[in-house]
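Undergrad: Any chance you could fold what I've pasted below:
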Amino acid sequence: MKALLLNGKNEWKNMKIEETEKPTPQKGEVVVEIHAAGLNPVDYKTGTNGNPNWTFPHILGLDAAGTIHEVGEGVTEWKKGDRVVYHGDFNKKGAYAEYGVTTAHTISRIPDSITFEEAAALPTAGYTAYQALFRKLPMNAIETILIHGGAGGVGGFGIQLAKAAGKTVITTASERNHAYVLSLGANHVIDYTKEDVKVKVMELTNGRGVDAVLDTVGRDNATASLDLIAYNGHIAHIAGAPDYSHVKPFTKVISFHEIALNAIHHHNDVVSERDLAKMGDELQKMVAEKKVSPLLERVIPLEEVPQTLEELSNRHVKGKIVAKIK
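TA: Just a heads-up that it's a prediction; the model follows:
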């Protein structure tokens with residue numbers, strides 16, 4: 001099969017389409033003929049640092065949508081030709097290829113109204129936001145939420161999901177992306193490059209702070225966000241934990257929620273693994289009902305993935321970019 005091959009650590013900018021061995025399914029697995037693959041920052045990050053579980057050449061890409069090509073032993077709920085989407089395990093070979101293999105109990109069926117490209121835009125960013133809001137945060141107790149990086153994938157899905165849940169959404173974005181994040185449903189947007197985020201948040205909340213923060217930026221930003229959270233509030237973080245010592249015990253009683261979607265694959269916890277499929281089903285239902293946009297901004301050919309990942313690494317890309325494979 002044809003695949004975009006990573007031939008060594010930190011060589012992702014030089015990946016080229018080459019021939020490699022087509023995967024075969026083991027017990028409980030399916031082989032998917034991939035039609036579209038989503039691009040994510042985790043691709044260039046893992047491509048830079050490598051992974052001790054890899055053998056080279058490796059194939060990057062976590063988000064895959066396509067049709068089932070072959071089922072392994074014991075798989076009865078799926079058949080050849082079924083349209084599916086899945087979030088892959090970055091320890092294994094990925095989605096920038098004509099075929100991929102994954103566990104049957106972690107895939108979701110794609111509704112007829114959703115294209116392969118739209119489905120491939122969802123898993124990493126969409127499931128991460130969904131896990132944060134509906135598996136970690138007590139949304140019934142939250143009225144206001146601050147979502148950092150609203151123009152990005154996780155931030156964009158987070159805005160939409162929080163708005164659909166009836167919450168007041170504050171987000172951060174550079175001025176050029178203000179109209180975009182407002183179109184996703186944000187009630188307020190703060191230009192983090194020009195404005196004092198803490199001052200603005202306190203103005204917007206009458207000095208109380210927000211009930212929850214979804215941080216997509218990093219450890220320092222997450223730590224700074226602790227000052228923006230109201231009593232008994234929450235922070236969910238995806239890019240580094242805040243410095244917990246920043247808040248004294250028995251003062252603001254903040255709850256901390258780590259979000260690490262890929263970790264689901266590494267604990268032999270079938271209940272959690274099946275929740276990947278459930279989140280995919282639930283999120284796709286919202287997309288099919290036009291309650292959530294898949295944020296698909298651009299579709300590119302597979303050979304343009306390396307240069308587009310370089311764009312992502314510069315952190316100035318909004319929405320989702322997907323590679324069309326078939």
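Undergrad: quick one: residue 324 and residue 39 touch, right?
TA: No - using CB atoms under 8 Å, residue 324 is not in contact with residue 39; the gap is 11.7 Å. The way it works is simple: take the backbone N, C-alpha and C, and place the C-beta from them, glycine included.
Undergrad: packing partners for the helix or strand where residue 202 lies?
TA: Per DSSP states H and E: residue 202 is located in helix 197-204. Under the contact definition 3 or more CB pairs under 8 Å, 6 or more residues apart in numbering; DSSP states H and E, helix 197-204 sits against strand 168-172, strand 188-190.
Undergrad: Okay, angle between it and strand 168-172 too, please.
TA: 160 degrees (axes from the mean of the first three to the mean of the last three CA atoms, to 10 degrees).
Undergrad: any idea how far residue 97 is from the residue of the chain positioned farthest from its centre?
TA: Distance from the C-alpha centroid of the chain, by CA atoms, centre = their mean, peaks at residue 250 (33.4 Å). Applying CB to CB, to the nearest Å, the value for residue 250 to residue 97 is 53 Å.
Undergrad: And for residue 297?
TA: With CB to CB as the criterion, residue 297 and residue 97 are 23 Å apart.
Undergrad: Who has more neighbours out of these two?
TA: residue 97 (24 against 15; other CB atoms under 10 Å).
Undergrad: That one against residue 1, yeah?
TA: Yes - here residue 97 reaches residue 1: they are 6.1 Å apart, a contact under CB under 8 Å.
Undergrad: Could you pull out the residues contacting both of the two?
TA: Taking CB atoms under 8 Å, 6 or more residues apart in numbering as the contact rule, residue 97 and residue 1 both touch residue 20.
Undergrad: since we're on residue 196, how many residues are nearby?
TA: Residue 196, neighbours per other CB under 10 Å, totals 11.
Undergrad: Relative to residue 144, how far out is it?
TA: Taken as CB to CB, the span from residue 196 to residue 144 is 18 Å.
Undergrad: before we move on, what about residue 236?
TA: For residue 236 relative to residue 144 (CB to CB), the value is 14 Å.
Undergrad: Same drill for the two, tell me which one is more crowded.
TA: Legend: neighbour count by other CB under 10 Å for residue 236 and residue 144, higher for residue 236 (26 against 22).
Undergrad: How about the contacts made by the more buried one?
TA: Contacts of residue 236 (CB under 8 Å, 6+ apart): 132-133, 136-137, 212-215, 257-259.
Undergrad: can you tell me which residues contact the most centrally placed residue in the chain?
TA: The residue lying closest to the centre of the chain (CA atoms, centre = their mean) is residue 125, at 1.6 Å. Going by CB under 8 Å, 6+ apart, residue 125 touches 38, 40, 152-154, 156-157, 295, 320.
Undergrad: Take those and keep only those in helices.
TA: Applying DSSP state H to the contacts of residue 125, the entries found in helices are 153-154, 156-157.
Undergrad: The residue nearest to residue 67 when sequence neighbours are not counted: neighbour count?
TA: Excluding the flanking residues, the one nearest residue 67 by CB to CB, 6 or more residues apart in numbering is residue 33, at 5.1 Å. For residue 33, the tally of surrounding residues (other CB under 10 Å) stands at 18.
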